[in-house]
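Participant: Kindly return the folded structure for what I paste below:
(chains A and B)
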Number of protein chains: 2
Amino acid sequence: MWPDCSLIDLLGIEHPIVQAPMAGPSTPELAAAVSNAGGLGSLAFAMSTPEQMRANLARVRATTNKAYNVNFFCHHPPAPDAAAEARWRARLAPYAGELGLDANAPVPSANRTPFDAAACDLIVEHRPRVVSFHFGLPNAALLARVRQAGCIVLSSATTVAEARWLEAHGADAIIAQGFEAGGHRGMFLTENLAAQVGTMALVPQVVDAVKVPVIAAGGIGDARGIVAALALGASGAQLGTAYLFTPEAKVSNLHRAALEAGHDDQTSLTNVFTGRPARGLINRAVREVGPISPDAPQFPLAASAMGPLRAAAEAKGSGDFTPLWSGQAMTLGRKIGAGELTQKLAAETLVRLGRK
Amino acid sequence: MWPDCSLIDLLGIEHPIVQAPMAGPSTPELAAAVSNAGGLGSLAFAMSTPEQMRANLARVRATTNKAYNVNFFCHHPPAPDAAAEARWRARLAPYAGELGLDANAPVPSANRTPFDAAACDLIVEHRPRVVSFHFGLPNAALLARVRQAGCIVLSSATTVAEARWLEAHGADAIIAQGFEAGGHRGMFLTENLAAQVGTMALVPQVVDAVKVPVIAAGGIGDARGIVAALALGASGAQLGTAYLFTPEAKVSNLHRAALEAGHDDQTSLTNVFTGRPARGLINRAVREVGPISPDAPQFPLAASAMGPLRAAAEAKGSGDFTPLWSGQAMTLGRKIGAGELTQKLAAETLVRLGRK
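Facilitator: Take a look at the predicted model:
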């Protein structure tokens, strides 16, 4: 049915459509709906405690017996840096004042933890068909345990050099994450944001450079984009923003309204919410503090001092300090169920390919 | 033969492949070779005197009777600003010193002139099938003369809003110029470089927003990219960097060597060469002065003080101060003739489309 079966055979799925793991919006219901429809649903555990991970794994296993993906970040947590933290709080102090907050009050620490032994234990116990990583790969010992558990390993590349590195270090397939993609750039061998590569240019050059299947990501919002991704040589496509419009995604009303009102030219890469560049709709925090602030402390520490601003603004109905993650093709979103969306994307793609 | 004939019928060409106009590299030989092979060859007159324009029009008419395109910039020339000029010369003074130049010597003025009455007279006289513009459209009176001469009018959009504006103001087809594209961004309604849109996201959203045919540009380097562009809803594809590898393109040995050695992640948008953001390979000037310098005077004035640095460095075999324009898919380039390249791109695209 599909012209290129390398990815669907590797992952044990019916359609080469991957729901992007999105820490926050991803739910077991979303992952199960996508997997039950023949795509690859994804859980995203970058902001989850081991207890939350265990509960979500149980829920997804109770609702699908299909292949699913579990995603982790594998950044290196920064050393505490009181001076950087103070600089950031000073930068945000005027906003704290405006919102009636004490700029010097303690803030909760940012809760993004990298893949570690405890998470690995859960993976070995639950053996999901697919485990994906962002920001490279975990250390060799952890990765070996994941592979020994029989899991297929994916990771994101934002450049050809990163794709080559991932293939050499054991990735079974590579997500070529173009510049258009929403959320965090997976970049891990480069910090040069100005040289990040768009999907149209990245995918064929990654395909030419590696032997493993390539999944195109970034700016793909409908069947046209999936056909384009396959034309570029990818064996599958990953969509994130398109799934934010589904009821199964845990997206606040504020974020949902912003996505629905969004336009192609209203996002940018910003480091103001976490310290790492990620694409979201341009709101006040991005516009005034960023989009790239030299004062933002290292990932994920920037999230700490931003948290109280976000909470206070949201309590007043404002998304001024909320990360409104979005890719650049948000106007292609459809407000239908995640399972129906997956089935429609597959069917519409096959029609365009003349395969159905 | 082609699934969508709206563009090829409009332009009177055989294959929906446009050779991007590139002021500098474009030659009558390049344009004629592409047009004779069934694509749309382009002359680029942004840096040409009327005498050069006349000579090049005569040469292209002598070598093809097919449709060709003549491209102009239509920026608004800035008022002279001695303070800005002094700031820029001060910024570049250390390099002038290093190269043994007098940082205060007079420099030739930057020679990029917008489309004007004299250029319009030439268009009315020569009546090329297609006239394209960059940075919007010329004023209504000039545009009316171009249209009355029977020319089809194209212009570039970098956002959906720009595409809508161009359609409303008389463009017959729109080039959706994605972030990946080499050379100058065509942006004219926005200055927000951080919100520029990648080809994969831009094209379908522009297609959804306008009724005129859309030409996809940016990151398209081979038949895979052309198939992808058509899948996204474009009626044609424009390629620039791919044609820089052909012998008909006037590209210095320095620039050619840089293109051949280039990688996907080695370009960025920079304003240091002209004052307007344009994509090129990252060299010393981009890295040290830019990529975006607040000191660069308005387009095209930044080119003036950079000129002597470029000339002096090139005389020593260095491309440190040379604009090495390139899109992000330069590794897809093939060193074959422009006519053969056009024919191969068309044939390979049709095979992939199952049309041949």
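Participant: didn't residue A:101 look like it was pressed against residue A:308?
Facilitator: Yes. Contact criterion Cβ atoms under 8 Å: residue A:101 and residue A:308 qualify, at 5.4 Å. Glycine gets a C-beta too; all of them are placed from N, C-alpha and C.
Participant: Of those two, which one has the most company?
Facilitator: residue A:308 (21 against 17; other Cβ atoms under 10 Å in any protein chain shown).
Participant: how close does that one get to chain B?
Facilitator: Computed as Cβ to the nearest Cβ, to the nearest Å, the residue A:308 to chain B distance reads 26 Å.
Participant: residues contacting that residue?
Facilitator: Counting by Cβ atoms under 8 Å, 6 or more residues apart in numbering or on different chains, residue A:308 touches A:96, A:99, A:101, A:105, A:107.
Participant: Those residues in helices, which ones?
Facilitator: Taking DSSP state H, the ones among the contacts of residue A:308 that sit in helices are residue A:96.
Participant: Turn the contacts of residue A:308 into CSV, including distance to residue B:274 and pLDDT.
Facilitator: Listed next are the contacts of residue A:308 as CSV, based on distance: Cβ to Cβ, whole Å; pLDDT from 0 to 100:
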residue, distance to residue B:274, pLDDT
A:96, 42, 97
A:99, 43, 97
A:101, 45, 95
A:105, 49, 85
A:107, 45, 79
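Participant: May I ask which two of the contacts of residue A:308 are separated the most?
Facilitator: Maximum pairwise distance among the contacts of residue A:308 (Cβ to Cβ): 13.4 Å, between A:99 and A:107.
Participant: what's the domain layout of chain A?
Facilitator: A:1-75+A:112-249+A:331-356, A:80-110+A:263-325 (automatic domain parsing).
Participant: winner for burial among these?
Facilitator: domain A:1-75+A:112-249+A:331-356 (a mean of 22; mean count of other Cβ atoms under 10 Å in any protein chain shown).
Participant: Does it reach chain B?
Facilitator: Yes. Judged by Cβ under 8 Å from any Cβ of the partner chain, domain A:1-75+A:112-249+A:331-356 comes into contact with chain B through A:158-161, A:178-180, A:190, A:192, A:194-202, A:204-205, A:208, A:218-222, A:224-225, A:227-229, A:231-233, A:331-332, A:352, A:354.
Participant: same check, this time on stretch A:253-269
Facilitator: Yes. Contact of stretch A:253-269 with chain B (Cβ under 8 Å from any Cβ) involves A:263-269.
Participant: Show me how far that stretch is from its chain's centre.
Facilitator: Stretch A:253-269 sits 16 Å away from the centroid of its parent chain (Cα atoms, centre = their mean, to the nearest Å).
Participant: Report the rounded mean pLDDT for it.
Facilitator: Taken as a whole, stretch A:253-269 carries a mean pLDDT of 98.
Participant: Same question for stretch A:220-239.
Facilitator: On average, the pLDDT along stretch A:220-239 is 98.
Participant: Dump the C-alpha coordinates for it into CSV.
Facilitator: Output in CSV follows, covering the C-alpha atoms of stretch A:220-239 (Å, rounded to 0.1, in the frame of the first residue of the first chain):
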residue,chain,number,x,y,z
ILE,A,220,4.1,19.3,7.8
GLY,A,221,0.4,19.9,8.5
ASP,A,222,-1.7,17.9,6.1
ALA,A,223,-1.5,15.2,3.4
ARG,A,224,0.2,17.6,1.0
GLY,A,225,3.1,17.9,3.5
ILE,A,226,3.3,14.1,4.0
VAL,A,227,3.4,13.5,0.2
ALA,A,228,6.1,16.2,0.0
ALA,A,229,8.1,14.5,2.8
LEU,A,230,8.0,11.2,1.1
ALA,A,231,9.0,12.8,-2.2
LEU,A,232,12.0,14.3,-0.5
GLY,A,233,13.1,10.7,0.4
ALA,A,234,11.7,10.4,3.9
SER,A,235,10.1,7.1,4.9
GLY,A,236,7.6,8.8,7.1
ALA,A,237,6.4,12.2,8.5
GLN,A,238,6.1,13.5,12.1
LEU,A,239,3.4,16.0,12.9
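Participant: which element is the nearest residue to residue A:217 once chain neighbours are set aside on?
Facilitator: Leaving aside its chain neighbours, residue A:217 sits nearest to residue A:238 (3.9 Å; criterion: Cβ to Cβ, 6 or more residues apart in numbering or on different chains). Here residue A:238 sits within strand A:236-239, counting by DSSP states H and E.
Participant: Does anything pack onto that strand? Which helices or strands?
Facilitator: Packing contacts for strand A:236-239, counted by 3 or more Cβ pairs under 8 Å, 6 or more residues apart in numbering or on different chains; DSSP states H and E, involve strand A:17-19, strand A:214-217, helix A:223-231.
Participant: Tabulate these in JSON lines, adding columns for distance to residue B:87.
Facilitator: JSON lines is the format used below for the helices and strands packed on strand A:236-239 (distance: least, Cβ to Cβ, whole Å):
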{"stretch": "strand A:17-19", "distance to residue B:87": "49"}
{"stretch": "strand A:214-217", "distance to residue B:87": "42"}
{"stretch": "helix A:223-231", "distance to residue B:87": "44"}
